[in-house]
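In: Below is the sequence, then the predicted model.
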Amino acid sequence: MLDLIVLSLHFLLCFLIFLAIWRGHEDVDLPSASTGTVEMEPDGLTLIGKEEDIKKSQRITAKVNGREVVVFYHEGKFHVLDSRCYHEGGPLCLGEIEDINGQACIVCPWHKYKITLETGEGLYEGINPLEPSPTPQWQSKGVKQRIHKVTVDNGNVYVSPPDLSVSFDSDYFAEKYKNGGDLSMEK
């Protein structure tokens, strides 16, 4: 009987997570993030919002050149990444931030992939089978997630357009979700 209750609770929790992802993430009411209108500055920067508003919310999604990004404010720093995970397009705006070996990482809510906020590296825990008693250690898969340059000026947060001369694994899902595509997080 206890197994049936646990299974029912697990099903309910999975259903609620599905509804939250399907419904989409509610952004803070910032002009550039919530209405889809962005202000382009002369030097190509995109105004994301007010510094204090983003600090309060800790994270928002916005568009930069039609590309959806997620802006995190974590431990006194702004970080901007493509909003969809490089692995299968999971919504990083719904992920939790964890510290892994002194690096702040966003954990994708779909498959628990870990991505450093600072560099966009994918991390995994692996062992060296040649060691006599192997112990799991965090290792890098390399840079998988595109990060974007952030500028804070006069209380405003700006993001530079991406340098598309270099490609990253997350570019696939950024393009797939771009401009309200069929997989877009927008309602």
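Out: All right, it came through fine.

In: For Ile97, give its distance to Val64.
Out: To Val64, Ile97 is 21 Å away according to Cβ to Cβ, to the nearest Å. Quick note: C-beta positions are derived from backbone N, CA and C, even for glycine.

In: Tell me which of the two has more neighbours.
Out: Comparing Ile97 with Val64 by other Cβ atoms under 10 Å, the one with more neighbours is Val64, at 23 against 15.

In: Just to check, that one is in contact with Val159?
Out: Yes. Using Cβ atoms under 8 Å, Val64 is in contact with Val159, at 5.0 Å.

In: what's the spacing between stretch 102-112 and its chain's center?
Out: 9 Å (Cα atoms, centre = their mean, to the nearest Å).

In: can you list contacts of that stretch?
Out: For stretch 102-112, contacts defined as Cβ atoms under 8 Å, 6 or more residues apart in numbering pick out 17, 21, 72, 74-75, 79, 81, 85, 87-88, 90-92, 94-99, 113-118, 123.

In: One more pass at 6 Å, please.
Out: Outside stretch 102-112, the residues within contact range by Cβ atoms under 6 Å, 6 or more residues apart in numbering are 74, 85, 87, 90, 92, 94-98, 114-117.

In: For Glu52, which three-state class applies?
Out: helix (DSSP: H, G, I helix; E, B strand; the rest coil).

In: Give me the below-cutoff pLDDT ranges for this protein.
Out: For the chain, the stretches with pLDDT under 70 are 2-3, 6-7, 9-42, 179-187.

In: how does it look with 90?
Out: In the predicted model, the chain carries pLDDT under 90 at residues 1-44, 65-66, 128-134, 176-187.

In: what ranges do the strands span in it?
Out: For the chain, the strands defined by DSSP state E cover 39-40, 46-50, 59-64, 67-74, 77-82, 96-100, 103-107, 114-116, 121-126, 137-143, 147-148, 150-153, 156-159.

In: Quick one: closest of those to Tyr177.
Out: strand 67-74 (5.7 Å; Cβ to Cβ).

In: For that closest one, name the packing helices and strands.
Out: Here strand 67-74 touches strand 59-64, strand 77-82, going by 3 or more Cβ pairs under 6 Å, 6 or more residues apart in numbering; DSSP states H and E.

In: If anything else comes up later, I'll come back, but that's it for now.
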